[in-house]
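Chemist: Test case, fold it:
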Amino acid sequence: MPKVTYTDHAGESRAIEANAGDSVMETAVRNGIPGIVAECGGSLSCATCHVFVDEADLAGLPAMDEMEDEMLYGAAVDREDNSRLCCQIKVTEGMDLHVTTPETQV
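Modeler: Predicted coordinates for the structure are as follows:
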């Protein structure tokens with residue numbers, strides 16, 4: 001079963017079994033993960049699901065598209081090289097993804 005580990009800015013982690021085909025954001029919201037606001041519900045019109053993807057996992061993800069790239073410039077916490085919007089990351093079979101949430105999303 002796919003798994004996503006969410007670590008908050010203070011270092012507390014929660015590993016969640018995820019459903020293939022769901023987004024990392026949907027998985028977070030469904031499981032009450034703090035730090036994922038998901039204000040727009042995954043429609044790529046806000047940046048309140050900003051995460052930092054573990055460097056070891058980044059290469060295994062599809063590249064972000066231009067719209068996601070632009071939205072990250074509006075994130076409450078400055079983007080980094082490993083920044084992604086987790087509404088745009090689909091859970092895949094066998095996934096073992098590690099992400100960290102920023103200190104704030106708004």
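
Chemist: roughly how far out does stretch 57-70 sit from the chain middle?
Modeler: Remark: stretch 57-70 is offset 11 Å from the chain centroid, using Cα atoms, centre = their mean, to the nearest Å.

Chemist: Closest to the centroid, which residue in this structure?
Modeler: In the chain, the C-alpha nearest the mean C-alpha coordinate belongs to Cys86, at 2.8 Å (Cα atoms, centre = their mean).

Chemist: ok but Met71 is inside a helix, no?
Modeler: Yes - assessed with DSSP: H, G, I helix; E, B strand; the rest coil, Met71 lies in a helix.

Chemist: Tell me who's in contact with it.
Modeler: Contacts for Met71 (Cβ atoms under 8 Å, 6 or more residues apart in numbering) come out as 44-47, 85. Every residue, glycine included, has its C-beta placed from N, CA and C.

Chemist: Over to Ala15?
Modeler: 3-5.

Chemist: Could you check how far it is from Thr27?
Modeler: For Ala15, the distance to Thr27 equals 11 Å [Cβ to Cβ, to the nearest Å].

Chemist: what's the answer for Gly42, then?
Modeler: Distance, Gly42 to Thr27, by Cβ to Cβ: 11 Å.

Chemist: the more surrounded of those two?
Modeler: Taking other Cβ atoms under 10 Å, Gly42 and Thr27 do not tie; Thr27 has more neighbours (23 against 18).

Chemist: got a list of what that one touches?
Modeler: Going by Cβ under 8 Å, 6+ apart, Thr27 touches 4, 16, 18-19, 33, 91.

Chemist: which ones are touching the closest residue to it other than its chain neighbours?
Modeler: Leaving aside its sequence neighbours, Thr27 sits nearest to Ala18 (Cβ to Cβ, 6 or more residues apart in numbering; 4.4 Å). By Cβ under 8 Å, 6+ apart, the contact set of Ala18 is 1-4, 24, 27, 91, 95.

Chemist: Of the residues you listed, just the buried ones, ChimeraX syntax please.
Modeler: Remark: buried members of the contacts of Ala18, expressed as a ChimeraX selection using 16 or more other Cβ atoms under 10 Å:
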select :2,4,24,27,91,95
